[in-house]
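Engineer: requesting a structural model of the entry that follows:
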Amino acid sequence: MTQVNGKRNYKHAYKLQKKTGETDAQLERQKARQLYDKKGVNRAGKDIDHITPLRKGGKTKPGNLRLRNKSANQGDNK
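Structural biologist: Purely as a prediction, here's the structure:
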């Protein structure tokens, strides 16, 4: 159960994420999607690109994110 007394139990939710095998990079990409959804940006048919890739130490901050065409983003990242 991830909720206790109507409040989210973040420690338990974090353990569940780690148990399912989600990596830190997956969690960062999820965080980027949530940032765009919170702003209300329609990202249909687009990818969220980290300007400085996560594998090279890039962060999930608004200044390091951009929406790109899927084929262009996936072509650059192989």
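Engineer: just checking, what packs against the top helix by length along the chain?
Structural biologist: Secondary structure assigned by DSSP state H gives helix 24-39 as the longest helix of the chain. Based on contacts counted as 3 or more Cβ pairs under 8 Å, 6 or more residues apart in numbering; DSSP states H and E, the elements that helix 24-39 packs against are strand 46-50, strand 65-69. All C-beta atoms are positioned from the backbone trio N, CA, C, and that covers glycine.
Engineer: for the chain, which spans come out with low pLDDT?
Structural biologist: Regions of the chain meeting the criterion pLDDT under 70 cover residues 1-2, 20-22, 78.
Engineer: surely residue 29 and residue 47 touch.
Structural biologist: No: Residue 29 lies out of contact with residue 47 (Cβ atoms under 8 Å); the separation is 9.8 Å.
Engineer: rewinding a little: what's in contact with the longest helix of the chain?
Structural biologist: 17, 43, 48, 50, 54, 55, 60, 62, 65, 67 (Cβ atoms under 8 Å, 6 or more residues apart in numbering).
Engineer: now those as a markdown table including neighbour count and distance to residue 77?
Structural biologist: What follows is those, written out as a markdown table (neighbours: other Cβ atoms under 10 Å; distance: Cβ to Cβ, whole Å):
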| residue | neighbour count | distance to residue 77 |
| --- | --- | --- |
| 17 | 14 | 24 |
| 43 | 13 | 17 |
| 48 | 17 | 12 |
| 50 | 21 | 9 |
| 54 | 17 | 11 |
| 55 | 9 | 10 |
| 60 | 19 | 16 |
| 62 | 10 | 20 |
| 65 | 18 | 14 |
| 67 | 14 | 15 |
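Engineer: quick one on the thing from earlier: mind putting the helices and strands packed on helix 24-39 into TSV with distance to residue 35?
Structural biologist: Compiled in TSV, those are given as follows (distance: least, Cβ to Cβ, whole Å):
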stretch	distance to residue 35
strand 46-50	8
strand 65-69	7
